[in-house]
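In: Got a predicted model here, sequence first, then my questions.
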Number of protein chains: 2
Amino acid sequence: MVQKDTVTSILNAAEELFSERGFAETSLRNITTRAGVNLAAVNYHFGSKKELIQAVFSRFLRPFCVLLESKLAELHKTQPDFNELLMLMAHTALQASHGKPKRLAIFMRLLGLAYSQGQGHLRRFLQKEYTPVFGGFMQLIKAASPELSDEERFWRIHFMLGATAFTLSGADALMAMAEHDLGKGSDFTQVLNRLIPFLAAGMNAPILEPT
Amino acid sequence: MVQKDTVTSILNAAEELFSERGFAETSLRNITTRAGVNLAAVNYHFGSKKELIQAVFSRFLRPFCVLLESKLAELHKTQPDFNELLMLMAHTALQASHGKPKRLAIFMRLLGLAYSQGQGHLRRFLQKEYTPVFGGFMQLIKAASPELSDEERFWRIHFMLGATAFTLSGADALMAMAEHDLGKGSDFTQVLNRLIPFLAAGMNAPILEPT
DNA sequence: AATCGTTTTAAACAAGTGTTTTAAACGAAG
DNA sequence: CTTCGTTTAAAACACTTGTTTAAAACGATT
């Protein structure tokens, strides 16, 4: 691979290493070595390690949000059900990954890390920068499940989020495990096609309001 | 709180700090300071930081496994459905947490960290030590879903696992968010009572085998 | 060709890490 | 009381971390 722009080399290396080892476990020296640039380049171009982490997220999230926003605009007229909504989301995410499922898996793992690992600054950053776009998607979800209370819907959305983040972030490891355990391989889109009906059924589950 | 045994003081402090900040972000000095013991005590009693991490898991997992194993034995006679199976699992986990939901949340977060964070030694440790016990549970799941192909069931189990780990590990943060967003608070068992029907519906979702 | 702002380089910085070492304190057994 | 193995204590170990510095190299503009 030829020597690209310094900052994108750093972003590429950081994206890979962060998703493999986590944020704290990845040192700036790991990143700059893999990127083939000088150690000081990170602090020069990004300011600090924290800002580098945020930049990694922004590079993926910004194009994804504009893509999603445009698709949501033309979808607000119809009344899509969960299967349609989730397939749209999956398709948009894959599109933002330039069609490469591997990139989506990497980003999902980063997203999982952002929540599981301390990284309070990251949660705040994501919340402040990228929540408005998801508001439109939430409205469509609400329209698709008018029978659910706000509380019930809130939790079911996070159940979906968990299943998705966990599965897609470990997709390659799980696919390898599936091949080993039952001899049948799967590919990434197959997994998505199994996941979506599962989630839709969960969202449409009979309600059991607490006493 | 009075000064307990040195090793359990260390385990308590490590359990809390690991679940709050992650493994790499928690230093031995953090742990020994909170535990009120000398820094060298960790290496003296556990050998290394890695072995301390494993000891934290063992302290929870070992009693949980014996509890689960005994319950599974008397359950193999009946033909429990998913709601029963999941409720049994939840009840056992809560019981292993001495009835304190907070402790279960902490352990779930640790489990999530073990998978998301690098920590290859931990994944290997957990796999080698504690997988046999879950085999029995898997058999019951298989018996409860004979219409599913092995492949479909494999993936749906991991969908469940993801939703559960993600939700319960971040339960306190999510509960705070729920209270802030929609003014209604939830408690831990309520969340479990919402999660289980969601998962059961997902497991029983109509099958859409790939072409 | 000389000059400017921008970028890269190598070296050092202070701070924090896990671990080891040495000596001191403890608590029961002879 | 003394002696013994076990536990604690303080200090130092060698090493890695993120960040900063100051000089060198670069690249376009005048």
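Out: Received, thanks.
In: Please point out which parts of the helix ranked longest in chain A sit buried.
Out: Counting residues, the longest helix found in chain A (DSSP state H) is helix A:49-75. Neighbour-count burial for helix A:49-75, with 16 or more other CB atoms under 10 Å in any protein chain shown as criterion, is recorded at A:49, A:51-61, A:64-65, A:67-68, A:71-72, A:75. For every residue, glycine as well, the C-beta is placed using N, CA and C.
In: Could you do stretch A:141-159 as well?
Out: A:141, A:144-145, A:148, A:151-159.
In: Now go through those and say which are in helices.
Out: Per DSSP H, helices hold the following members of these: A:Ile141, A:Ala144, A:Glu151, A:Glu152, A:Arg153, A:Phe154, A:Trp155, A:Arg156, A:Ile157, A:His158, A:Phe159.
In: So the nearest residue to the third one once chain neighbours are set aside: helix, strand or coil?
Out: In space, and not counting its chain neighbours, A:Glu151 is closest to B:Lys184: 5.3 Å by CB to CB, 6 or more residues apart in numbering or on different chains. Counting by DSSP: H, G, I helix; E, B strand; the rest coil, the backbone at B:Lys184 sits in coil.
In: Could you dump the buried residues of stretch A:141-159 into TSV and include pLDDT?
Out: As requested, the buried residues of stretch A:141-159 are exported to TSV (pLDDT from 0 to 100):
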residue	pLDDT
A:Ile141	92
A:Ala144	93
A:Ser145	93
A:Leu148	95
A:Glu151	92
A:Glu152	94
A:Arg153	94
A:Phe154	92
A:Trp155	95
A:Arg156	96
A:Ile157	94
A:His158	92
A:Phe159	96
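In: near DNA strand C, from those?
Out: Among those, no residue is within reach of DNA strand C (CB under 7 Å from any atom of the strand).
In: between those, which is nearest B:Pro101?
Out: For the buried residues of stretch A:141-159, the minimum distance to B:Pro101 (CB to CB) is 15.3 Å, reached by A:Trp155.
In: quick one, what contacts A:Gly170?
Out: Applying CB atoms under 8 Å, 6 or more residues apart in numbering or on different chains to A:Gly170 gives the contacts A:Arg109, B:Tyr115.
In: With adjacent residues omitted, what lies nearest to A:Val37?
Out: Nearest non-adjacent residue to A:Val37, counting by CB to CB, 6+ apart: A:Thr6, 5.3 Å away.
In: Is that neighbour in contact with A:Ala41, as I believe?
Out: Yes - here A:Thr6 reaches A:Ala41: they are 5.8 Å apart, a contact under CB atoms under 8 Å.
In: Contact residues of chain A facing DNA strand D?
Out: A:Thr26, A:Ser27, A:Leu28, A:Arg29, A:Asn30, A:Leu39, A:Ala40, A:Val42, A:Asn43, A:Ser48, A:Lys49, A:Lys50.
In: Find the helix or strand that the spatially most central residue of chain A is a member of.
Out: In chain A, the centroid-proximal residue (CA atoms, centre = their mean) is A:Met108; its distance is 3.7 Å. Assigned by DSSP states H and E, A:Met108 belongs to helix A:101-116.
In: for stretch A:200-211, what is the average pLDDT?
Out: Throughout stretch A:200-211, pLDDT has a mean value of 84.
In: buried stuff in that stretch?
Out: A:Ala200, A:Ala201, A:Gly202, A:Met203, A:Asn204, A:Ala205.
In: Could I get the contacting residues of the closest residue to A:Lys142 other than its chain neighbours?
Out: Closest residue to A:Lys142 apart from its sequence neighbours, by CB to CB, 6+ apart: A:Arg153 at 6.6 Å. Residues in contact with A:Arg153 (CB under 8 Å, 6+ apart) are A:Ile141, A:Lys142, A:Ser145.
In: Against B:Lys184, how distant is A:Arg153?
Out: A:Arg153 is 12 Å from B:Lys184, where distance means CB to CB, to the nearest Å.
In: Please apply the same query to A:Ala14.
Out: 40 Å.
In: Pick out whichever of these two has more residues nearby.
Out: Each of A:Ala14 and B:Lys184 has its neighbours counted (other CB atoms under 10 Å in any protein chain shown); A:Ala14 has more, 27 against 11.
In: Correct me if wrong: the more buried one contacts A:Phe23.
Out: No - using CB under 8 Å as the test, A:Ala14 is too far from A:Phe23 to be in contact (9.4 Å).
In: Mind listing the shared neighbours of the two?
Out: Common neighbours of A:Ala14 and A:Phe23 (CB under 8 Å, 6+ apart) are A:Ile53.
In: Poorly predicted segments of chain A, please.
Out: Along chain A, the parts satisfying pLDDT under 70 run over A:1-3, A:116-120, A:209-211.
In: hmm, back to that, tell me which helix or strand comes right after the longest helix of chain A.
Out: Sequence-wise, the next helix or strand downstream of helix A:49-75 (DSSP H and E) is helix A:82-96.
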